[in-house]
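A.B. asks: any chance you could fold what I've pasted below:
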Amino acid sequence: MAEPELQLVARRIRSFPDFPIPGVLFRDISPLLKDPDSFRASIHLLASHLKTKHGGKIDYIAGLDSRGFLFGPSLAQELGLGCVLIRKRGKLPGPTVSASYALEYGKAELEIQKDALEPGQKVVVVDDLLATGGTMRAACELLGQLHAEVVECVSLVELTSLKGREKLGPVPVFSLLQYE
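C.D. replies: All right, here's what the predicted structure looks like:
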């Protein structure tokens, strides 16, 4: 990885202790989004990784609701690809398929339009954060329902102590920054 670019990205992630609840150290990407050089560097680093690992063998980027929408389209443009949206339940028109996932207190659902992808298309899932892995796993399940192939899940930040990548099984995972 280009170390100066990675340092530029890392310097724009700030931490807020005890947010949203006591004991949680929140990693805030707002300064990164505010700084065009840092945001551009994050997209460049993610795109470089995907080009190196997959070459031209990706058909689409799938951005996860909602902060994955900030990275998905920019990453897709950098790679010359289209971007499909995976949204929270009830936000997409037309026929959809859904997958549920556990939250701390309850469950939530993600949806994708049934005609978003063709069987066999290769997709990379992108979000800003990989924490427990529930959202990304649900996204992978959704894409599987459409018979698409998830070739990798990528994120800007990974909270390694929550072991989210373990929930993704054999799907490769890449994150630019890792925190405990």
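
A.B. asks: what residues sit buried inside the strand or helix carrying residue 76?
C.D. replies: Per DSSP states H and E, residue 76 falls inside helix 68-79. The neighbour-count check on helix 68-79 (16 or more other Cβ atoms under 10 Å) flags 68-76, 78-79 as buried. The way it works is simple: take the backbone N, C-alpha and C, and place the C-beta from them, glycine included.

A.B. asks: tell me which of these is nearest to residue 165?
C.D. replies: Within those, proximity to residue 165 (Cβ to Cβ) peaks at residue 68, which comes in at 16.3 Å.

A.B. asks: what about that closest one, distance to residue 179?
C.D. replies: Per Cβ to Cβ, to the nearest Å, residue 68 is found 18 Å from residue 179.

A.B. asks: just residue 36 next, same as before
C.D. replies: 24 Å.

A.B. asks: of those two, who's got more company?
C.D. replies: residue 179 (15 against 9; other Cβ atoms under 10 Å).

A.B. asks: in the sheet, who's paired with that one?
C.D. replies: residue 159 (DSSP bridges).

A.B. asks: from what I can see it touches residue 158, true?
C.D. replies: Yes: between residue 179 and residue 158 a contact is recorded at 7.3 Å, counting by Cβ atoms under 8 Å.

A.B. asks: what's in contact with whichever helix in the chain runs longest?
C.D. replies: In the chain, taking DSSP state H as the definition, the longest helix is helix 36-54. Contacting residues not belonging to helix 36-54 are listed as 1-2, 5-6, 8-9, 11-12, 31-33, 58, 71, 74-75, 78-79, 122, 124, 126, 151-152, 154, 156, 172, 174, 176 [Cβ atoms under 8 Å, 6 or more residues apart in numbering].

A.B. asks: whichever helix or strand comes after that helix pairs with which strands?
C.D. replies: Moving toward the C-terminus from helix 36-54, the next helix or strand (DSSP H and E) is strand 60-64. Strand 60-64 sits in its sheet next to strand 82-88 (parallel), strand 122-130 (parallel), going by DSSP bridges.

A.B. asks: how far does the helix or strand following the first one sit from the chain's center?
C.D. replies: Translated: strand 82-88. Sequence order places strand 96-103 as the next helix or strand after strand 82-88, per DSSP H and E. Counting by Cα atoms, centre = their mean, to the nearest Å, strand 96-103 is centred 16 Å from the centre of its parent chain.

A.B. asks: if anything else comes up later, I'll come back, but that's it for now.
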